[in-house]
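Enquirer: Quick one: sequence plus predicted model below, questions after.
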Amino acid sequence: MKKTYLLTLSLGLSFASFAQRTLIHCGTLIDGISNAPKSQMTIIVEKNRITDVQSGYSTAQASDKVLDMKNKTVTPGWIDMHVHIESETSKDQYLKRMSYNMADISFEAQKHANTTLMAGFTTVRDCGGSGVNISLRNAINKGLVIGPRIFTSGKTIATTGGHGDPTNGINSKYTVPDEVTDGVVNSPEEGRQAVRQRYKDGADCIKITATGGVLSVAKNGKGPQFTESEIEAIVSTAKDYGFIVAAHAHGAEGMKRAIRAGVTTIEHGSFMDDEAIELFKKYGTYYVPTIIAGKSVLDSVKVPGYYHPLVVPKILETGKQTAITFAKAYKAGVNVAFGTDAGVFPHGYNAKEFQYMVEGGMPMMEAIKSATIVNAGILGMKDDLGSIEKGKIADIVAIDGDPLQDSKAMMNVVLVMKEGKIYKQK
């Protein structure tokens, strides 16, 4: 028995000593923590974790795998706080909405998830869909399909006729199953019930539509659509269940109600005024600007028939405002979290948001931090994600070029590692 035990222990130690490590030799390292890049660094990865970060190019052992990124910029995997992974803009989007069933949505969502990961986004927060987003998250976690780590709200919580009511624009003679309208609420009690249903469904967070929206088939894009007491009921219940709350809000009054009620993030924030800015700062609420969404819809609206006639005037009013508001909010000291609204524009172009943030006055180093350590903190994952440090999960991206000199370099992704596994390498 003793000899068997010693042999087993010896074999275990032998295998452990030859367990393959991955050494990433980084020409430039932006670690998500430091305010300046570091030159000639080595990241050591074992299994799914970073086990060390060393100065210089460490010498590899015989069993090590070495990734030569000596002429690349290496960063933590990026986190997009606002995507819609189930769908993507197209000229036939209204037809798809009427004809797609859950299986169609599921297959399309897998494609978008893969595209998103290959673009350097190892984690996303999905801000509302049909509920397929929960199943997709589970499938990715099980290794059945390839995609980013997903934190999802499941279905959006909205009011009748509000942005997020899935029956908007559907002829009243058609009936829809109750599960389609799940999440449409009109009282504090119904709001509480909807949060509890999200918990039962397996959501990770809550998303509400505090104001009208640009792309919903409804006339008003910025008016408030929840009472403050309704939002308070949703937020307090969400906190009981361990959820943070994201509030879609274009108009100032709706975002003020949401901030006072205690939401964690405001999505879009297009028409925030000076009073709203002060509330952001007072409550420490994060602003997710989605500048690229505004710019993208302005491009698409030029195509005749691309959007419903009710949508076009809202795009023309709101699309140009996102960049203007971002510049004002950043200068005023509002907390910024990186998010894009991918799905409103084609998935895979999320990193263009970095360029627009820099154009709005945010230094690239801050923009990268907003998409890494800042977002990890909002998601409650700061101990595992958001920076390249010993002990963190090995979510690592490399790009060709220097983003601190050229923001467009963020689109040149040459390496994507998620949990220590390489998914893309050029």
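Expert: Received the coordinates, thanks. Numbers count the residues shown, from 1 in each chain.
Enquirer: What is the burial count for residue 203?
Expert: 24 (other CB atoms under 10 Å). In short, each C-beta sits where N, CA and C put it, glycine included.
Enquirer: now do the one 3 residues further on
Expert: Here the number of neighbours of residue 206 (other CB under 10 Å) works out to 29.
Enquirer: quick one, phi psi at it?
Expert: Main-chain torsions, residue 206, degrees, to the nearest 10: phi -120, psi 140.
Enquirer: in terms of contact, does it touch residue 153 like I think?
Expert: Yes - between residue 206 and residue 153 there is a contact under CB atoms under 8 Å: 5.7 Å.
Enquirer: okay, and the common contacts of those two?
Expert: Common contacts of residue 206 and residue 153, defined by CB atoms under 8 Å, 6 or more residues apart in numbering, comprise 198, 246.
Enquirer: Report pLDDT for the nearest residue to residue 355 once chain neighbours are set aside.
Expert: In this structure, residue 355 finds its nearest non-sequential neighbour in residue 407, 4.3 Å apart by CB to CB, 6 or more residues apart in numbering. On pLDDT, residue 407 comes in at 97.
Enquirer: could we number from 35 for the rest of this?
Expert: In the new count, where the first residue is 35, that last one comes out as residue 441.
Enquirer: residue contacts, residue 441?
Expert: Shown in contact with residue 441 (CB under 8 Å, 6+ apart): 388-389, 392-393, 398, 401.
Enquirer: By neighbours, which of those wins?
Expert: Busiest of these [other CB under 10 Å] is residue 388, holding 26 neighbours.
Enquirer: helix/strand/coil for that one?
Expert: Judged by DSSP: H, G, I helix; E, B strand; the rest coil, the three-state class of residue 388 is helix.
Enquirer: Pull up the gap between it and residue 446, please.
Expert: Distance, residue 388 to residue 446, by CB to CB, to the nearest Å: 12 Å.
Enquirer: what ranges of this protein fall below the confidence cut-off?
Expert: When residues are selected by pLDDT under 70, those of the chain lie in 35-53, 203-215.
Enquirer: and the longest strand for it?
Expert: strand 99-110 (DSSP state E).
Enquirer: Could you break the chain into its assigned domains?
Expert: 36-111+420-459, 112-412 (automatic domain parsing).
Enquirer: Could you tell me the phi and psi values at residue 171?
Expert: Dihedral angles phi and psi of residue 171 (degrees, to the nearest 10) take the values phi -60, psi -50.
Enquirer: quick one, what contacts it?
Expert: 160, 184-186, 238.
Enquirer: and if we set it to 10 Å?
Expert: Contact analysis of residue 171 by CB atoms under 10 Å, 6 or more residues apart in numbering lists 119, 147, 158, 160, 181-186, 188, 236-238.
Enquirer: Pick the one among those closest to residue 326.
Expert: For the contacts of residue 171, the minimum distance to residue 326 (CB to CB) is 14.3 Å, reached by residue 158.
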